[in-house]
Every structure is written in structure tokens, then in C-alpha cells.
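**Student:** this one's sequence-less:
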């Protein structure tokens, strides 16, 4: 998963900013459940090509993000992850309002 983050950073800004330490910090946050709050997208033997997560950061607020490997963009992976994030944010377990930032160009935050 860290390799996808690095590839995304390199493609976007030419510098690796997020790495495995970032992921471990995300996964070790209080209340974060990897089995219900995160999704990994794989493509056969090629391995991981996408990741998304949604987590109740505080009562009434869901923090979420996702990433798709640059070589696998525009194939519906990001849209599928966004659907999972929205579905999770609406679940009674989180019961919160979800604010999303779509990655397409300079799209504003949407509700």
C-alpha cells in the first residue's frame, strides 16, 4: 500500500511525502478498525492498485481519503472506492456527515 502512496506522490508532486509510517499512524488511531474502515483494491498478481478509508474522527465527523495508483486511474477504481467511503459514512456505526473532496481537477469539497 505504501508503494501506491509513493507512486501517487511522485506523479502529483515529484516527491514522496506519504509512506508506510503514515499508513501505520492512520491504522493505529483510536477507534480505527482496519476490517471495516478501509478497503484495498488489487489487480491479480500486480498487487495493490488502490486504497480508501473512512473513520469517525470525532462525533458527527467522518475523515476519509483514498488513492489509486497513477497507472490505474480512469478505470473506475477511485469511483468504486468513493462509493464505499460514502456507504461507510452513512452507516449507523459512524452516523456522521461526510465531506468529500473529489480528485478530479480542482473540484470543490462536496457534500
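**Tutor:** All right, it came through fine. Please read all numbers here as calculations on a predicted model, not as lab measurements.

**Student:** tell me the contacts of residue 18?
**Tutor:** 2, 5-6, 8-9 (CB atoms under 8 Å, 6 or more residues apart in numbering). To be clear about C-beta, it is placed using only N, CA and C from the backbone, and glycine gets the same treatment.

**Student:** The residues you listed in helices, which ones?
**Tutor:** Within the contacts of residue 18, residues falling in helices by DSSP state H are 2, 5-6, 8-9.

**Student:** thinking again about what came up before, just the contacts of residue 18 now: which is nearest residue 34?
**Tutor:** Residue 34 lies nearest to residue 2 out of the contacts of residue 18, by CB to CB, at 14.8 Å.

**Student:** per-residue pLDDT, the nearest residue to that closest one once chain neighbours are set aside?
**Tutor:** Spatially, and ignoring its direct neighbours in sequence, residue 2 is nearest to residue 20 (4.0 Å; CB to CB, 6 or more residues apart in numbering). Residue 20 is assigned 92 on the pLDDT scale.

**Student:** what's around residue 20, how many residues?
**Tutor:** 12 (other CB atoms under 10 Å).

**Student:** Does it touch residue 6 like I think?
**Tutor:** No - with contact defined as CB atoms under 8 Å, residue 20 does not reach residue 6; the gap is 9.2 Å.

**Student:** before we move on, back to that, just send the contacts of residue 18 back as CSV, with pLDDT and distance to residue 40 too.
**Tutor:** Shown next, in CSV, are the contacts of residue 18 (pLDDT from 0 to 100; distance: CB to CB, whole Å):
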residue, pLDDT, distance to residue 40
2, 92, 12
5, 92, 12
6, 93, 16
8, 93, 14
9, 92, 18
